[in-house]
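> sequence below, structure please.
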Amino acid sequence: MATTNTAITSGVRISVSTQFRSDLSDPLNSRFFFNYRVSVENQNAFPVMLMHRDWYIFDSLNEADFVSGEGVVGEQPIIESEKRFSYISGCELNSEIGQMKGFYTFKNLETEELFQVHIPQFDLFYPPKLN
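Below is the predicted model of the structure:
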């Protein structure tokens, strides 16, 4: 059962849900693949553009990894006031337990000002580990 973690920063609501992918994982060789779905809702009275992402990825058996880059899934989406943008991405771990968190950098398209939005921390658990 997937849980959803949500945070609101500067009028932008970020919700993340995860799913373990048994079809892409190989537990005997320490490969655990997860999909995460991110929904970005602009609750501001102005349009915003998602410019940049910064992720902190924790894998319980390895050093933390930091991922930084332009946009998400090859896009820098513009999200109008009261509209939503969603995407699905993935993460592979070498252990049964991990976490991700981070932030997006947005641009207010009326003022051109940049601002950061918190991505809530979410867990990545191999389901049999929860029993």
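> quick one, what contacts F106?
10, 12, 48-51, 114-117 (Cβ atoms under 8 Å, 6 or more residues apart in numbering). The way it works is simple: take the backbone N, C-alpha and C, and place the C-beta from them, glycine included.
> the residue nearest to the spatial centre of the chain in helix, strand or coil?
Closest residue to the average C-alpha location of the chain: V38 at 5.5 Å, with Cα atoms, centre = their mean. Per DSSP: H, G, I helix; E, B strand; the rest coil, the secondary structure class of V38 is strand.
> so where's this protein uncertain?
The model of the chain has pLDDT under 70 over residues 1-2, 131.
> can you rerun that using 80?
Counting by pLDDT under 80, the low-confidence segments of the chain come to 1-3, 129-131.
> nearest to L24 among the contacts of F106?
Nearest to L24 out of the contacts of F106 is L50 (Cβ to Cβ; 26.0 Å).
> tell me which residues in whatever helix or strand that closest one lives in are buried?
Using DSSP states H and E, L50 falls within strand 48-59. Buried residues in strand 48-59, counting neighbours by 16 or more other Cβ atoms under 10 Å, are found at 48-53, 55, 57-59.
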